[in-house]
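>>> The following comprises the amino acid sequence and a computationally predicted model.
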Amino acid sequence: MAKIRMEKIVEELAVPIIEENKCKLVDIEYVKEGPNWYLRVYIDKDGGVTVEDCERVSERLSDLLDREDPIDHSYILEVSSPGIDRPLKTQRDYDYFTGREVDIKLYSPMNGKREYSGILMGLKDGIITVDTPEGKLYFQREKIASARLTFKF
C-alpha cells in the first residue's frame, strides 16, 4: 500500500482518539528504517503533551489498529511530541507560529544557499515569507525540504 495512502488511513483512525485526549495531530510518518517499519504519530496540545498523553493515545490507537488491521506487515508504533524543533507542515502550523524564528532548508540552492533562518511572516498561496538578515525572502512551499522552529539554548 502506498505510504501516503497508509498515512491517510491511519490519520482517519487516529484523529478521534487524539481529540478525545484533548490533543491535536501534528504529523504521521510511515517509514522504513533498516529492517523495521515505523508508524510515528506526533501529537501536541496547548502547554505541551505529557508522557501520559502519549501513552493514552498509543494504547487506544494500538488497539484500534490491531482491530482494523490496515497495515499488512509488522511495524513499530510510536506516539510522541513533535519536539522543540518541530517541523511546520500544515497551514495551521504556519499560522500558529507566525512571528517565531524558523530554519528553512531547500531542495536546491536559492541565491547560492540551501539553508535560511529568520522570522516566519506567514504562508499564503503556497508562498512562505521569512524575514531574514538579508531581508524578506519568499519561498515556494514545494521547494522547501524542511521548515522547523529554531531551537536555541
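The structure has been received and is ready for your questions.
>>> Check which residues of stretch 127-135 are buried.
By neighbour count with 16 or more other C-beta atoms under 10 Å, stretch 127-135 contains the buried residues 128-130. C-beta: built from backbone N, CA, C; applies to glycine.
>>> Mind listing residues that contact it?
Contacts to stretch 127-135, defined as C-beta atoms under 8 Å, 6 or more residues apart in numbering, come from residues 94, 102, 104, 116-123, 136-141, 144, 147.
>>> In contact with the spatially most central residue of the chain, which residues?
Nearest to the mean C-alpha position of the chain, by C-alpha atoms, centre = their mean, lies residue 27 at 3.8 Å. Counting by C-beta under 8 Å, 6+ apart, residue 27 makes contact with 40-42, 82, 87, 89.
>>> so after the helix or strand encompassing it, what's the next helix or strand?
Residue 27 belongs to strand 24-33 when elements are defined using DSSP states H and E. Next helix or strand after strand 24-33 toward the C-terminus (DSSP H and E): strand 36-44.
>>> Per-residue pLDDT of the nearest residue to residue 7 once chain neighbours are set aside, please?
With sequence-adjacent residues excluded and distances taken as C-beta to C-beta, 6 or more residues apart in numbering, residue 7 is closest to residue 28, at 4.6 Å. Residue 28 is assigned 89 on the pLDDT scale.
>>> can you map out the strands along this protein?
Applying DSSP state E to the chain gives strands spanning 24-33, 36-44, 76-80, 101-110, 113-124, 127-132, 135-140, 144-149.
>>> What strands line up against the longest one, and which way round?
The pairing partners recorded for strand 113-124 under DSSP bridges are strand 101-110 (antiparallel), strand 127-132 (antiparallel).
>>> again with the first one
Strand pairing for strand 24-33, using DSSP bridges, gives strand 36-44 (antiparallel).
>>> For the strand it pairs with, which residues meet the burial criterion?
39-44.
>>> Need phi/psi at residue 23.
Per-residue torsions, residue 23: phi -120, psi 180 (degrees, to the nearest 10).
>>> so what's it up against?
Taking C-beta under 8 Å, 6+ apart, one finds 43-45, 49, 53, 57 in contact with residue 23.
>>> and which of these is nearest residue 110?
Here the nearest of the contacts of residue 23 to residue 110, counting by C-beta to C-beta, is residue 44; it sits at 30.0 Å.
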